[in-house]
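# Here is my input; please provide its structure:
(chains A, B and C)
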Amino acid sequence: MTLLDVQNLVLSIHGTSVLKGISLDIAPGEICGVIGESGSGKSLTALSAMQLLPEGSDCSGRITIAGRDVLSMREAELCRMRGADIGMVFQEPMTALNPVQTIGHQVAETILIHEGTSKAEALSRAAETLARCEMPQSRFPLDRFPHELSGGQRQRVVIAIAIALGPKLLIADEPTTALDVTTQAEILSLLRRLVDEDGMGLMLISHDLAVVTGLADDVVIMKDGEVVERRTARTLHRDMTHPYTKALFEASGHQPDRTESRIEEPLLKVESVSRDYLLPRRTFLGAHPKMRAVDAVRFEVRRGECVGLVGESGCGKSTLTRAILGLERVQEGSITLDGRDVFAEPDVRRKMQVVFQDPFGSFNPRHRVARLVSEPFHRLNRSATTDEVDEALTSVGLAPKDKHKYIHEFSGGQRQRIAIARALIIRPELIILDEAVSALDVSIRAQILDLLVDLSVTYGLTYLFITHDLTVVRSIADRILVMHAGRIVEQGTTDEVFEAPRDTYTRRLLDAAPKLPV
Amino acid sequence: MLRYTVKRLGSLLASLVVASLVIFACIEVVPGDPASFMLGINAQPDTVAALREELGLNRAPHERYIAWVSGLVTGDFGTSYTYRSPVSEIVVERLAISLPLAIYALSLTILVAFPVGILAATRRGSLTDISVMATTQLGVAIPNFWFALLMVLVFAVNLRWFSAGGFPGWDEGFLAAVKALTLPAIALALPQASILARVMRSSLLDTLSEDYIRTARAKGLTARQALRRHALRNALIPVLTIIGLQFSFLLAGAIIIENVFFLPGLGRLVFQAISQRDLIVVESVVMLLVFAVIIVNFLVDLAYAWVDPRLRSRT
Amino acid sequence: MTEEGLFRAALRSRNLVVGNLLAAAFAIGALLSFFWTPYDVTELAIATRLQAPSGVHWFGTDHFGRDILSMIMVGAQTSIAVAIVAVGIGMGIGVPLGLAAAARRGSLLDETIMRGNDLVFAFPSLLIAIMITTVFGPSALNAIIAIGIFNIPVFARLTRGAALPLWTRDYILSARVSGKGPVRISVEHILPNVTNLLIVQGTIQFSLGILAEAALSYVGLGVQPPTPSWGRMLADSQTLIAIAPHMAMFPGFAILLTVLGLNLAGDGLRDLLDPRIRNAQP
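Numbers count the residues shown, from 1 in each chain, chains lettered A, B, ... in the order given. Okay, here's the model as predicted:
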């Protein structure tokens, strides 16, 4: 018997067609992965099943849950169904919980409103549910507030809210996208365990092919509001027939063609660098406790190399990046570029540029592209010539006429090209790529990686590629540094680190990383 | 929570000290010699000298400041030159009108604004919402003293439901006193209630689009339950800020409205004191009003911590 | 959105059109009064005092026989001038303070500016006016200074609040990588991105300025006779309200409509300039 059955679901929002006849079904105990890039309609499919669509939505077709027709239910029936028969977990654990209520109350509320039990009983069942989600009372009492928990812990609370009443179906919309790799692995195995124990169906929505294929039984591929293919997860890589699926698969494991062109001459030298932060005082007049963000870090980047710096959030890689860029002083150690100290001789900083993660926040929305791209010329005390702007734009695959446009006229991938053009324009020797492809859809990411490789050959660039994503560095880096709790715990060539990791943290990181079937 | 309170208390004291310095400087130091200022240009030199002696102006400014502040702390506000009686007595007498008026107006503001703002937010885009928005738009734009005049014209001159002004005193019975304060309180509350209702509405609308409201709906709460259990308390955070600010506007507004209704409150006192150049009274009343504003903002800070647990644990 | 598209969207916004028309009507009245008014507002005509509105005196006359329409036109000058200068003081001082506080977040400078703001907030403009008047006597200049001082923390807070999240944006980091300093970044990158907010707040403070000027003049702390001002006219009407209610009506409506116009324009501008709302429209 199917648990969730969606037949020919059509959805339009304010007259714009978003879903164009979706059909899919999930059986009890089955994990169905739904994969698609942004705008494919995968989240809206889930919200349709919950009937929590945004205003102005017009939904038709047929959705049944355990044989009951969702689209014909009245609001009161829907409320009885949500939380009891279907639970839902969202992408952003930082904002999914009410900041002014304790986690105990938020979990207990699911039980209270559906079963009308006493508050005390609801709370004690909430405690059990939290414990099932690996949030034991000994460490996380019910009266904790969300802001006292980490992202992964908050996501467990959200999961506890969703499964408190043992729903038949759980919908998880990008449940691990905002989390670190190791936390992601923990949350995924928690979901797997809950499905096995309770026999519920799980609809796992993700943009990440590796996450889904690693966990799901079946995989549904969506594109532009349509289901293009449905396959068994384990054999997807052999059975897939649709060209889009193949393209997605290729892009996810994309390996740019590179030739090694490294010279054994150090360009960037980071020597025993440490950086402390003062934390707020604990007692009224006590000393500020210190937090060591970067701890005696030393490494070299040689000319022509691409070095990957891998670490999870909070490991100190952002602080280190800012220190290398000369934006934040360090307390110990030195950072030299081409033999010159980046703090003592700010002039040398013209030899490096940076590309950031967020294609939306990287540009002043009020300036035109020509002005955005030529900003680094401030270092050279002159403005860019039209030719220089045109060449920079052409070299990243854009047209010279694009320089007259504003940034909002470009897509995410194009913006990242503009960011690269800006980094390239004063011909730096080192480019720091700070999560530069992390926010992009896989197909766009593959194109940008190819572009980076091409540019490094053309302009003889050296890259320091900072990321949390192991797959990406593996495809592009010559050497890898692994950073954990402020220290470089392992460094070596890409093959050494991936094939024979020496450090336990590296091994944990590698184990946690979702892998595509090959 | 204790740390937070102590920290706020510290900044409260600091604000009071700085405010008193500013007021002291403006009123006692800037005009040069307060005694001759108070007596006017035609005063006899010996009268000025006598007043200087009486006010203790022969001492250095910092000594006078310390004497003034220690007086304030012990409830001794000095002696009014024109009334020839202790300022504290006059002020207490006047405060018996101004304080109830401000509280009356603030209560009206909150009692009207909360339900209206919530109603408009929950029925966004409906006829109710549109008429609330239009009415409050007018309420914000109307000068409150003019609105007071209009009410006098309608309810006192034409309908004769209320008297046009004056205050019978609390001795004449609670109801009579409240009745005398009703039109002034409405006049004060109307613009503030309009502002607060709009803030409540937009804050609630913002909150209703938060992720945790979606989480609440996903656990099976009805829209109304989600509003009551999750949105309201979060929406209160910006609303509190506005209430704190409004209190100072209400105090200032009360000074003007008291003049429309001939209420013998602090406002009337200030204007009489200005025209009689009674610096001692002006200084004390301004200090008292500033003190009230600072205290209210301190209470708002504490209310923040009550609403928002993030503030309790941090710093 | 292109400039032309913005203009079309502006015409579609009912708030903006109505608000601008109202505000423009008063601005034109004020400008006109520099050259011409129906009657001379300094001329007393006791014979025709307290006349109800008629074909001769559209808005009637006051207790000195002055034409109320003419006085409202001239009074608009006062209101607009006071409000413009007060907003100018608030922006001119408040915006740089806010930018500096945001650029040096958490520093002593930031802390000083913010605590200073809190302090000024404890003095409503009326109290500032009272203190100034006590010492220097009443005048229009006092009203301007009092309202202006109160506007400073409004703009400083707004600017700082809007600038803080901008400072964490990657484009600011990028500008720093290019070697730009805090002043240059504030002017080049922060200011243009808070201008919309400042314009909207500016209209709001402008209308509050008109209300505050009216209130100060009403209690005699603002513009002094014989210069006509709306608040003053209302004060004069008070004792005569039973026999000449028109004296209270017209200046009151003048204030109400001007403030309403500015507020509507401010709301309209905010909706127009807020990309979240603008992009939601097809």
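
# Check residue 235 and give its pLDDT.
Just so you know, I chose chain A. Here the pLDDT value assigned to A:Thr235 is 86.

# Please refer instead to chain C.
C:Ala235 is given a pLDDT of 85.

# and after the helix or strand of chain B with the lowest mean pLDDT, which helix or strand comes next?
Least confident helix or strand of chain B, by mean pLDDT, DSSP states H and E, is helix B:34-39 with a mean of 72. Next in sequence after helix B:34-39, counting helices and strands by DSSP states H and E, comes helix B:45-55.

# quick one: buried residues of that following helix?
Using 16 or more other Cβ atoms under 10 Å in any protein chain shown as the test for burial, helix B:45-55 gives B:48, B:51-52, B:55. Where C-beta positions appear, they are placed from N, C-alpha and C, glycine not excepted.

# can you check stretch C:67-77 too?
So, applying 16+ other Cβ under 10 Å, buried residues of stretch C:67-77: C:67-77.

# Quick check: chain neighbours aside, which residue is closest to B:Thr79?
Spatial nearest neighbour of B:Thr79, excluding adjacent residues (Cβ to Cβ, 6 or more residues apart in numbering or on different chains): B:Pro86 at 5.6 Å.

# Return the distance of the least confident helix or strand of chain B from the chain's centre.
A distance of 30 Å separates the centroid of the chain from that of helix B:34-39, by Cα atoms, centre = their mean, to the nearest Å.

# other SSEs contacting it?
Applying 3 or more Cβ pairs under 8 Å, 6 or more residues apart in numbering or on different chains; DSSP states H and E, we find helix B:34-39 packed against helix B:45-55, helix B:279-307.

# again, only using 7 Å
For helix B:34-39, the elements it packs on are helix B:45-55, judged by 3 or more Cβ pairs under 7 Å, 6 or more residues apart in numbering or on different chains; DSSP states H and E.

# and after the helix it packs on, which helix or strand comes next?
Remark: after helix B:45-55, the chain's next helix or strand is helix B:61-73, criterion DSSP H and E.

# Tell me who's in contact with A:Asp208.
A:Pro514 (Cβ atoms under 7 Å, 6 or more residues apart in numbering or on different chains).

# before we move on, back to that, so which of the buried residues of helix B:45-55 would you say is closest to A:Tyr463?
Nearest to A:Tyr463 among the buried residues of helix B:45-55 is B:Leu55, at 77.1 Å by Cβ to Cβ.

# in the host helix or strand of C:Val95, what counts as buried?
Assigned by DSSP H and E, C:Val95 belongs to helix C:68-103. In terms of neighbour count (16+ other Cβ under 10 Å), helix C:68-103 has its buried residues at C:68-80, C:82-83, C:85-87, C:89-91, C:93-95, C:97-103.

# could you point out which element follows it?
Next element after helix C:68-103 (DSSP H and E): helix C:108-121.

# name the helices or strands packed onto that next one?
Using 3+ Cβ pairs under 7 Å, 6+ apart as the test, helix C:108-121 ends up in contact with helix B:2-24, helix C:68-103, helix C:140-167.

# Now render these as CSV, adding distance to A:Ser72 and mean pLDDT.
Listed next are the helices and strands packed on helix C:108-121 as CSV, based on distance: least, Cβ to Cβ, whole Å; pLDDT from 0 to 100:
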stretch, distance to A:Ser72, mean pLDDT
helix B:2-24, 52, 86
helix C:68-103, 54, 90
helix C:140-167, 45, 89
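
# just for the stretch 101-250 of chain A, where's the confidence low?
Applying pLDDT under 70 to the stretch 101-250 of chain A flags no residue at all.

# wait, I meant the stretch 301-450 of chain A
Checking the stretch 301-450 of chain A against pLDDT under 70 turns up nothing.

# For it, which residues are neighbours of chain C?
A:325, A:327, A:346, A:349, A:353-354, A:356, A:358, A:361-364, A:366, A:375-376, A:378-379 (Cβ under 7 Å from any Cβ of the partner chain).

# Return the subset of these lying in strands.
A:353-354 (DSSP state E).

# pLDDT score assigned to the residue nearest the centre of chain C?
Centroid check for chain C by Cα atoms, centre = their mean gives C:Phe206 as the closest residue, at 1.2 Å. Listed pLDDT for C:Phe206 reads 90.

# what about stretch A:398-412, start to end distance?
This stretch, stretch A:398-412, spans 13 Å end to end (Cα to Cα, to the nearest Å).

# If you could redo that for stretch A:455-466, that was the one I meant.
Start-to-end, stretch A:455-466 (Cα to Cα) is 18 Å.

# So what's the residue count around the closest residue to chain C within the stretch 151-300 of chain B?
Residue of the stretch 151-300 of chain B nearest chain C, by Cβ to the nearest Cβ: B:Ala252 (3.7 Å). When neighbours are defined as other Cβ atoms under 10 Å in any protein chain shown, B:Ala252 has 24 of them.

# Helix or strand: which one has it?
Using DSSP H and E, B:Ala252 falls within helix B:232-260.

# How about A:Leu267?
Per DSSP H and E: strand A:266-278 holds A:Leu267.

# Quick one: name whatever helix or strand follows that strand.
strand A:290-302.

# Pull out the buried residues from that next one.
With burial defined by 16+ other Cβ under 10 Å, the residues of strand A:290-302 counted as buried are A:293-295, A:297, A:299-302.

# do stretch C:162-177 as well
Under 16+ other Cβ under 10 Å, the buried positions of stretch C:162-177 are C:162-164, C:166-167, C:169-177.

# Quick one: these as CSV, columns for distance to chain A too.
Formatted as CSV, these follow (distance: Cβ to the nearest Cβ, whole Å):
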residue, distance to chain A
C:Ala162, 14
C:Ala163, 13
C:Leu164, 14
C:Leu166, 9
C:Trp167, 12
C:Arg169, 5
C:Asp170, 4
C:Tyr171, 5
C:Ile172, 9
C:Leu173, 7
C:Ser174, 6
C:Ala175, 6
C:Arg176, 5
C:Val177, 5
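
# quick check, nearest of those residues to chain B?
Closest to chain B, out of all of these and judged by Cβ to the nearest Cβ, is C:Ala162, at 15.2 Å.

# among the helices and strands packed on helix C:108-121, which is nearest C:Leu257?
helix C:68-103 (10.6 Å).

# From the buried residues of helix B:45-55, pick the one nearest B:Ile186.
Proximity of the buried residues of helix B:45-55 to B:Ile186 (Cβ to Cβ) peaks at B:Leu55, which lies at 41.2 Å.
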